[in-house]
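**Student:** What follows is a predicted protein model with its sequence.
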Amino acid sequence: MSVIYVLLAISIVVALLFFGAFILSVRSGQYDDAYTPSVRMLFEDELVQQKKKDRTSKTDNTTSNN
Amino acid sequence: MEKTKCYHCGDDCGHKGIVYDEKDFCCNGCKMVYEIFASNDLSYYYDLQASAGATPKAIEGKYDFLDTAAITERLTEFNDGRVQIVNLYIPHIHCSSCIWILENLNRLNGHITSSQVDFPKKTVRITYKSSALSLKDLVLLLCTIGYEPYISLEDADKGKRRVDRSLIYKLGVAGFAFGNVMFLSFPEYFDLASSKASGGEFWLNQYQDVFRWLMFLFSLPVVFYAGRDYFTSAYKGIKTKLLNMDVPIALGITALFLRSTLEIIFDWGPGFFDSLTGLIFFLLLGKFFQQKTYSFLSFERDYKSYFPIAVTVIRENGKEESVQAHQIEKGQRLLIRNEEIIPADGVLMSQNAAIDYSFVTGEAEPVHKQKGDKVFAGGRQLNGAMEMEVLKSVSQSYLTGLWSNAVFSEDKTTKFQALTDRIGKRFTIAVLTIAFTATLAWLVIDPAMAMNVFTAVLIIACPCAIALASPFTLGNILRIFGKKKFYLKDAQTIERLAQVDMAVFDKTGTITHTKKGTATYEGMPLTLEEASLMKSTLRASNHPLSRKLYDLLAEQNIATLDEYEEHVGQGISGTKGDQNIKIGSPDFTGSTGENDLLQTAVHVSSNQTYKGSYVFQSQFREGAREVFHDLGAHMALAVLSGDNEGERQRLSTLVPKDTPLHFRMRPADKMNLIKEWQTLGKKVLMVGDGLNDAGALAQSEVGITISENINVFSPACDGILDATKFQYLHQYVHVAKKAIQVIKLSFILSLAYNVVGLFFAVTGRLEPVIAAILMPLSSISIVVFTTLASNYITRKLN
């Protein structure tokens, strides 16, 4: 049954790892601004799209990006 | 004609609109921004959110002070000579387009390495190569695309601010330990009778000690780190002879920890580590919930947030130089550009100036000054550039001197004893009485049980649920208020608001609109021809009163004038055919009648005959009458105005009878009057808007600022109310009063739990599992009750 020592040690080490990860993420400021990243992740490739559109041939497609 | 909206800023294009690239623009500025974006492949900006832009303003010379190395050094977060990092506050940030364009600044200028927006705070953090791009160039770049940063004296004074995240750490520690201790307690929960003597599960008995000592280890950081504040607060309370609610909490934590430790040392039982960690976790959760901050608002602003960081000083040899604002000395000559703020009191040296004191008084009407007049700090010059000579340094000026008053260094929260703390004293005494009585009784019945009962009473009486009632009720109401655009500094403000029995209002800008106004015409009626000529003449003038009158007058045919002339300080005149019209001061138009100097009026004469005058009146906010009458039924009212008595008549029809109206109040007068009322035992709610109310806002129990644009302007206060919500002010006060009743009800509810728990404790039957059930149960039911109740009392809020 002394395997329980090993199991306990593993579970506590795993728990401590997550706890450490939490402390690090708070320290790096991840929780200071919880809003902007949720918008930022939706931006992608818009510049590539721009190059395809020629300024003169551009028609109104303002809603097609959503 | 169909109205067209500007593709860039969404404003009405009017008849001066520009069509470019098949799109309508209201002005050249907007078109320029579009051109910049389009030529840099950034026109996705407009797809993301239509018409998100702002018209760039003329900023010529405004940011010259950024060339001064000392100022750059103070503004930048990081500076090693090659790379600089700066965090700029940009009020215009409002949508996803803003985030996108600001985070793609490197497309506009290759020397910008990276930029990151913090949307709630409306700031952008920019890293750039300072050797190729100076801070000034960067700011100018932002200005050209309509994202003008807001740089004030405050930015230079603040140190590198550090965010306090200790509560999150503590909550993390307590939550982590709570979860693990709960797991480690499971064997004990499932096999309560297991001891070597009674023959429980073999392996549980075998490893019991390991589990218990692990729980002990987990509880150490919880007690000594996460729960530290309760001990210090209790200690402070006892030292000042105030038994606050933290005293019984600290007693409970101590009793829990000591008894549990002794239990596992002497193998008496498993201890109460699960309850201990859970208790602290829930308490911290309450604290965290209460701590709602509106990071995009500032409640601590003083004049420094509005004053420029640097001003242009004209040296004797005529050279212009940027000097930091607090280094200005008496006798120096300053150049104040258009739209700049006057940093210190002085004498006007230019011919004339129009100064907007709306920051100070809330009055949007510019004041006209002539050469030799005194000008006061805090005004904004509207009439082109002007020169002035400094009479007093920045910190000693008429307005800024207010901040040397002790009121601004006091903290209202320390003077106020919260409801929870007020009952804390009785609670502590009751708990200690029960504990000692029960112990004495058990000493007679069974001395071996005495210590057990004593600690059990302290443990079970630990007022976790009571301590949670107030944070969850107030925290929830704080959030609901925030959604209704009433932003409070902290939860305690609600408690103070509930106690208010006198409401004091500023007039200009608070109960009147800052922008909207009306003008009534008095005199001989104008013919259609005259009216048309007047409108055409006004159209040509840039004087603020002309603009205002022009907007108020009915639509007329606009005629091209044959002749137009501006007479500085007097008025304007226009001629068409044989018709001549003069608009301006009484003397200029040849008015012979009595003129009420207390009113703002524009006089009109046609062909040298005096016709009449337009008298400007400020417009009261919608619902002001209801607010006054409703609040008047519950508390005393008063109105303090910095203006003259010109509007006494109109105002007295608005407020309930016998409401004291005070006029010509200087900033310090307002503050002293409130202090006077307070010595008479009144709890004062001050509602104001300008910097001249700052003293009164700080002095009052609750100071609320009315703001037309919550992002830009508000002096230090306890709460900011969006101007459109002014008409519901009384509802917020009533909700605050009801919130206190909800808290009192939840006290009764949690006391009921305590009575049940005390029954187990006093009879000596408190098992860890009972404590482990009772404590979270009472806490959760209090949280549920307060949340439902606070939603119920705010359901009718507009």
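**Tutor:** Arrived safely.
**Student:** any idea which element residue B:354 lies in?
**Tutor:** Using DSSP states H and E, residue B:354 sits within strand B:352-356.
**Student:** What residues sit buried inside that strand?
**Tutor:** Neighbour-count burial for strand B:352-356 flags B:353, B:354, B:355, B:356 (criterion: 16 or more other Cβ atoms under 10 Å in any protein chain shown). (C-beta placed from N, C-alpha, C; glycine too.)
**Student:** who touches residue B:790 in this structure?
**Tutor:** B:472, B:473, B:476, B:477, B:480, B:739, B:742 (Cβ atoms under 8 Å, 6 or more residues apart in numbering or on different chains).
**Student:** Neighbour-wise, give me the winner out of the residues you listed.
**Tutor:** residue B:473 (30 neighbours; other Cβ atoms under 10 Å in any protein chain shown).
**Student:** does residue B:92 sit in a helix, a strand or a coil?
**Tutor:** Look at residue B:92: counting by DSSP: H, G, I helix; E, B strand; the rest coil, its state is coil.
**Student:** ok, now how distant is residue B:75 from chain A?
**Tutor:** Distance of residue B:75 to chain A, given as Cβ to the nearest Cβ, to the nearest Å: 20 Å.
**Student:** To clarify, my last question referred to residue B:26.
**Tutor:** Applying Cβ to the nearest Cβ, the value for residue B:26 to chain A is 18 Å.
**Student:** Equivalent analysis for residue B:696, please.
**Tutor:** Relative to chain A, and taking Cβ to the nearest Cβ, residue B:696 is found at 34 Å.
**Student:** what is the rounded mean pLDDT of the longest helix seen in chain B?
**Tutor:** For chain B, the longest helix by residue count, based on DSSP state H, is helix B:729-762. Helix B:729-762 shows an average pLDDT of 88 in the prediction.
**Student:** what's the answer for stretch B:477-486, then?
**Tutor:** Here stretch B:477-486 scores 88 as its mean pLDDT.
**Student:** is that stretch up against chain A anywhere?
**Tutor:** No: shown here: stretch B:477-486 not in contact with chain A (Cβ under 8 Å from any Cβ of the partner chain), separated by at least 14.3 Å.
**Student:** Check which residues of that stretch are buried.
**Tutor:** By 16+ other Cβ under 10 Å, the buried positions in stretch B:477-486 come out as B:477, B:478, B:480, B:481, B:484, B:486.
**Student:** Stretch B:652-665: which residues count as buried?
**Tutor:** By neighbour count with 16+ other Cβ under 10 Å, stretch B:652-665 contains the buried residues B:654, B:655, B:659, B:661, B:662, B:663, B:665.
**Student:** So which of these sit within strands?
**Tutor:** The strands, defined by DSSP state E, take in B:661, B:662 from the buried residues of stretch B:652-665.
**Student:** Could you list which of the buried residues of strand B:352-356 also contact chain A?
**Tutor:** Among those, no residue sits close to chain A (Cβ under 8 Å from any Cβ).
**Student:** ok so, going back, looking at the buried residues of stretch B:652-665, spot the one nearest residue B:722.
**Tutor:** residue B:654 (21.0 Å; Cβ to Cβ).
**Student:** pLDDT wise, what is the closest one at?
**Tutor:** So residue B:654 comes in at 83 (pLDDT).
**Student:** Chain A versus that one, what's the distance?
**Tutor:** To chain A, residue B:654 is 41 Å away according to Cβ to the nearest Cβ.
**Student:** list the contacts for that residue?
**Tutor:** By Cβ under 8 Å, 6+ apart, the neighbours of residue B:654 are B:511, B:620, B:624, B:625, B:628.
**Student:** now, among the buried residues of stretch B:477-486, which is nearest to chain A?
**Tutor:** Taking Cβ to the nearest Cβ as the measure, residue B:478 is the one of those closest to chain A, at 17.7 Å.
**Student:** ok, the closest one touching residue B:491?
**Tutor:** Yes: between residue B:478 and residue B:491 there is a contact at 5.3 Å, judged by Cβ atoms under 8 Å.
**Student:** picking up where we left off before, which members of the contacts of residue B:790 are positioned in helices?
**Tutor:** B:472, B:473, B:476, B:477, B:480, B:739, B:742.
**Student:** looking at it, the third one is touching residue B:786, isn't it?
**Tutor:** Right, residue B:476. Yes: counting by Cβ under 8 Å, residue B:476 touches residue B:786, with 6.8 Å between them.
**Student:** any common contacting residues for these two?
**Tutor:** With Cβ under 8 Å, 6+ apart, residue B:476 and residue B:786 have no common neighbours.
**Student:** any chance of the buried residues of stretch B:652-665 in CSV, plus distance to residue B:321?
**Tutor:** Formatted as CSV, the buried residues of stretch B:652-665 follow (distance: Cβ to Cβ, whole Å):
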residue, distance to residue B:321
B:654, 50
B:655, 51
B:659, 52
B:661, 47
B:662, 44
B:663, 42
B:665, 38
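**Student:** among the buried residues of stretch B:652-665, which two are most distant?
**Tutor:** Longest span within these, Cβ to Cβ: B:654 and B:665, 18.0 Å.
**Student:** want to try TSV for the buried residues of strand B:352-356, with distance to residue B:217 and pLDDT as columns?
**Tutor:** Converted to TSV, the buried residues of strand B:352-356 look like this (distance: Cβ to Cβ, whole Å; pLDDT from 0 to 100):
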residue	distance to residue B:217	pLDDT
B:353	72	81
B:354	72	81
B:355	68	83
B:356	65	79
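**Student:** wait, which of those residues is closest to chain A?
**Tutor:** residue B:356 (34.1 Å).
**Student:** ok, that closest one - contacts?
**Tutor:** Per Cβ under 8 Å, 6+ apart, neighbours of residue B:356: B:364, B:366, B:367, B:379, B:380, B:381, B:382.
**Student:** between those, which is nearest residue B:762?
**Tutor:** residue B:364 (68.2 Å).
**Student:** Nearest residue to residue B:141 in space, please, no chain neighbours.
**Tutor:** Nearest in space to residue B:141, with sequence neighbours left out and distances taken as Cβ to Cβ, 6 or more residues apart in numbering or on different chains, is residue B:109 at 6.0 Å.
**Student:** Out of the contacts of residue B:654, who's the most crowded?
**Tutor:** Neighbour tally across the contacts of residue B:654 (other Cβ under 10 Å): the maximum, 25 neighbours, falls on residue B:511.
**Student:** Need phi/psi at that one.
**Tutor:** Backbone torsions of residue B:511, given as degrees, to the nearest 10, read phi -100, psi -10.
**Student:** So the nearest residue to it once chain neighbours are set aside versus residue B:654, what's the distance?
**Tutor:** Leaving out its chain neighbours, the residue that sits closest to residue B:511 by Cβ to Cβ, 6+ apart is residue B:624, at 5.0 Å. Distance of residue B:624 to residue B:654, computed by Cβ to Cβ, to the nearest Å: 6 Å.
**Student:** joint contacts of the two?
**Tutor:** Listed as contacting both residue B:624 and residue B:654 by Cβ under 8 Å, 6+ apart are residue B:511.
**Student:** Tell me how many other residues surround residue 6.
**Tutor:** As the question left the chain open, I've gone with chain A. Neighbours of residue A:6 (other Cβ under 10 Å): 9.
**Student:** I was after chain B.
**Tutor:** 23.
**Student:** Could you do residue A:27 as well?
**Tutor:** With neighbours defined by other Cβ under 10 Å, the count for residue A:27 comes to 12.
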